[in-house]
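**Student:** next comes the sequence, and after it the predicted model I'd like to discuss.
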Amino acid sequence: MDAGKLTSVEKPYNFHRVLRSMVPGARVQAEVRGFAFKTDFDENIDAVARRALYTEQGLSESQIGDKIHENADDTVVVGDEMRLRQVVTNLVSNAIKFNIPGPGSVVTLRTRLLQPTAVHHPLVEDKESLSKTAFNGSQGSPMDETPSSSRLDALVVRIEVEDKGVAIKPKDMVENRLFSVSVHLMLA
């Protein structure tokens, strides 16, 4: 990130496999500090990515249906795996560091598929269950219109890390101080 320029590498990788590979280390760190580490991964992400891959490979609907129910380890997304690891590791480490230990204390790593919305994209198989979680009630998706083809060019995924630690003050979020250069927020 030299001179204010962020470079990104676009390569295929298995999204949830990358996140799952980070879990054992995070779980050990959390247990050392006296609380649990849990995951809540939206498997619709894998289903949509797999269906898009098979469609792109030219498989028939019948073949796609068969493959969807086979080995789920071939899920591929294209993006910057190392950047994903870097960001998620930082979020999880901070959550573990600032979480307040105690009975029932947990840090949770969660993923949610935001786009394509189930109702509006032909690649989404389980439209009913996915549409309930796609936007948590928010409106105005860029994919609100039905695509002219079944090609999927992008997935929008929300990655959340939930903890009971010291929160960032709303004022610091509004004033955009969180992402300013050389700013350390006062946590007290």
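**Tutor:** Yep, it's here.
**Student:** partner strands of the helix or strand encompassing residue 110 and their direction?
**Tutor:** For residue 110, the host element (DSSP states H and E) is strand 106-115. For strand 106-115, the pairing partners within the sheet under DSSP bridges are strand 36-40 (parallel), strand 156-162 (antiparallel).
**Student:** for those, which one sits closest to residue 80?
**Tutor:** Closest of the strands paired with strand 106-115 to residue 80 is strand 156-162, at 13.3 Å (criterion: C-beta to C-beta). From N, CA and C alone the C-beta is placed, and that goes for glycine too.
**Student:** quick one: the closest one to chain centroid distance?
**Tutor:** 4 Å (C-alpha atoms, centre = their mean, to the nearest Å).
**Student:** list the buried ones in that strand?
**Tutor:** Judged by neighbour count (16 or more other C-beta atoms under 10 Å), strand 156-162 contains these buried residues: 157, 159, 161.
**Student:** cool, stretch 98-113 as well?
**Tutor:** Under the neighbour-count criterion of 16+ other C-beta under 10 Å, stretch 98-113 has 99, 105, 107, 109, 111, 112, 113 buried.
**Student:** tell me which two in those residues are the farthest apart.
**Tutor:** Farthest apart among the buried residues of stretch 98-113 by C-beta to C-beta are 105 and 113. That separation is 27.9 Å.
**Student:** out of the buried residues of stretch 98-113, which is nearest to residue 92?
**Tutor:** residue 109 (6.1 Å).
**Student:** quick revisit: and the strands paired with strand 106-115: which comes nearest residue 20?
**Tutor:** Set against residue 20 and scored by C-beta to C-beta, the strands paired with strand 106-115 come closest in strand 36-40, at 7.6 Å.
**Student:** average pLDDT for the following helix or strand past that closest one, rounded please.
**Tutor:** Note on strand 36-40: by DSSP H and E, the next helix or strand toward the C-terminus is helix 44-56. Over the span of helix 44-56, the pLDDT mean works out to 87.
**Student:** repeat that for stretch 85-96.
**Tutor:** Per-residue pLDDT values over stretch 85-96 give a mean of 94.
**Student:** ok, stretch 152-172 next?
**Tutor:** Mean pLDDT, computed over stretch 152-172, is 84.
**Student:** find the nearest non-adjacent residue to residue 85, please.
**Tutor:** Leaving aside its chain neighbours, residue 85 sits nearest to residue 18 (6.4 Å; criterion: C-beta to C-beta, 6 or more residues apart in numbering).
**Student:** out of the buried residues of strand 156-162, which comes closest to residue 82?
**Tutor:** Comparing the buried residues of strand 156-162 against residue 82 with C-beta to C-beta picks out residue 159 as the nearest, at 15.2 Å.
**Student:** name whatever forms a beta bridge with that closest one.
**Tutor:** For residue 159, the beta-bridge partners under DSSP bridges are residue 111.
**Student:** ok, it - contacts?
**Tutor:** Contact analysis of residue 159 by C-beta atoms under 8 Å, 6 or more residues apart in numbering lists 19, 87, 88, 91, 109, 110, 111.
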